[in-house]
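Colleague: Model the structure of this input:
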Amino acid sequence: MNSKISQNIFAFLEELKKNNNKDWFSSHKSDYEKAKADFSEFFQAVHSEIAKNDFISEPKIYRIHRDLRFSKDKTPYKTHFGGYFARRQPQYRGGYYLHIEPDNCFIGGGFFAPNKDDLHRIRKEIELNGKDLDTFLNSAKAKKLFGGEFWGEELKTAPKGFEKEHPYVHLLKKKQFLLVQNFKNEEIFSPDFLDKVTTGLEAMRPFFDFMTEALTTNLNGESTI
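Modeller: Model (predicted):
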């Protein structure tokens, strides 16, 4: 199992960005297959490390073909490789993501599109116990790795039914709850990149535990699963 990112992944993606068309891709299909296999092998190594201390589903590698149905950009291919695995529901909530792209490599984790009921339950938990989540975000580790904040869309004011002056209104306004750690190109090829990725993903656990508590219990703390 490969524990390092191969240089040929970047080489392929850089050329694809310059030649994002079906003819070029077809004539370089073998290069794509090799780059994809190398990424998959590294992502499997990440999955194996996280599985030692968490309950997670099988890893998924996203297709490189773009969905063009609702996009003005008609270039047919993504210029990155991405992989995802979720924690095993219903007992464990959250998911982990790895994105490899020249000048835009990062790991992410969290809740990209919580449904209406889940979002309301998360906000009620923040209303009652927001200090726990705020303490996590302001910890030295979260500030160093994730900038001490959630990435994602948010409302301009407090959601309906919640106080505008609530001490954690900045969290109540969130529509997405995502942690992101960015990496420079030179970090990607360093011998300790796998360690950096797993350290970052494992550092998300207190956040996932907070969300799991919210989404598997009612406001009285009784299990809903």
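
Colleague: burial of D103, as a residue count?
Modeller: Counted with other Cβ atoms under 10 Å, residues neighbouring D103 total 8. (C-beta placed from N, C-alpha, C; glycine too.)

Colleague: The closest residue to it other than its chain neighbours: what's it in contact with?
Modeller: Nearest non-adjacent residue to D103, counting by Cβ to Cβ, 6 or more residues apart in numbering: N185, 6.4 Å away. Taking Cβ atoms under 8 Å, 6 or more residues apart in numbering, we find N185 in contact with 10, 102-103, 105.

Colleague: so can I have CSV of these showing pLDDT and secondary structure?
Modeller: Formatted as CSV, these follow (pLDDT from 0 to 100; DSSP: H, G, I helix; E, B strand; the rest coil):
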residue, pLDDT, secondary structure
F10, 97, helix
P102, 97, coil
D103, 97, coil
C105, 98, strand
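
Colleague: By neighbour count, which of those residues wins?
Modeller: C105 (21 neighbours).

Colleague: Just to check, that residue is in contact with V180?
Modeller: No: if you go by Cβ atoms under 8 Å, C105 and V180 don't touch, sitting 11.0 Å apart.

Colleague: Quick one: residues contacting the nearest residue to K156 once chain neighbours are set aside.
Modeller: By the measure of Cβ to Cβ, 6+ apart, the closest residue to K156 outside its immediate chain neighbours is K173, 7.6 Å from it. By Cβ under 8 Å, 6+ apart, K173 lies in contact with 154-159.

Colleague: How far off centre is stretch 66-82?
Modeller: 19 Å (Cα atoms, centre = their mean, to the nearest Å).

Colleague: no wait, stretch 168-175
Modeller: With Cα atoms, centre = their mean, you get 19 Å for stretch 168-175.

Colleague: Going along the chain, name the helices of the protein.
Modeller: 7-18, 22-27, 29-51, 116-137, 140-146, 169-172, 185-188, 193-202, 205-215 (DSSP state H).

Colleague: can you pull the contacts of I61?
Modeller: Contacts of I61 (Cβ under 8 Å, 6+ apart): 36, 39-40, 43, 81-83.

Colleague: Tell me where the model's unsure across this protein.
Modeller: 1-2 (pLDDT under 70).

Colleague: At the geometric centre of it, which residue sits there?
Modeller: Centrality entry for the chain: nearest residue to the mean C-alpha point is G108, 2.6 Å, by Cα atoms, centre = their mean.

Colleague: Could you pull up the residues touching it?
Modeller: G108 neighbours (Cβ under 8 Å, 6+ apart): 96-97, 99, 151, 178-181.

Colleague: okay, among those residues, which ones form the most distant pair?
Modeller: Using Cβ to Cβ, the contacts of G108 span at most 14.6 Å, a distance reached by Y96 and W151.
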